[in-house]
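# no FASTA, just this:
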């Protein structure tokens with residue numbers, strides 16, 4: 001697989017992960033407005049279920065395709081894809097932190 005295709009996969013997976021994280025962060029930030037004040041056991045259960053769901057979704061987005069590549073025998077491409085995806089996530093994280101620093 002050529003490097004351009006690997007980069008496209010990495011950027012797609014990284015951006016989809018960023019969008020998912022932004023959605024979860026929005027729900028957590030505005031949760032009380034959306035769902036009302038929670039003062040029972042269902043709040044804790046909902047937060048833990050969201051955590052578990054997030055681990056599965058983000059794990060699948062970041063590790064799913066490289067794992068399939070690796071199992072298909074494309075070990076070098078799998079490692080490159082994972083590395084590039086991590087690089088994309090790093091850039092997104094730094095970008096978010098810079099935006100926060102400028103905003104404050």
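Ah, there it is. On a predicted model such as this, the values are computed, not experimentally measured, just so you know. Residues are numbered from 1 along each chain as shown.

# and residue 84, how many neighbours?
Using other C-beta atoms under 10 Å, residue 84 has 20 neighbouring residues. Quick note: C-beta positions are derived from backbone N, CA and C, even for glycine.

# that one: helix or strand, and which one exactly?
Following DSSP states H and E, one finds residue 84 within helix 75-103.

# can you give me the helices in the chain?
In the chain, the helices defined using DSSP state H lie at 3-29, 31-35, 41-59, 65-71, 75-103.

# for those, which has the smallest mean pLDDT value?
Note on the helices of the chain: helix 31-35 shows the lowest mean pLDDT, a mean of 82.

# can you give me how far that one is from the chain middle?
Relative to its chain's centre, helix 31-35 lies at 23 Å (C-alpha atoms, centre = their mean, to the nearest Å).

# got a list of contacts for it?
Applying C-beta atoms under 8 Å, 6 or more residues apart in numbering, the contact partners of helix 31-35 are 27, 38.
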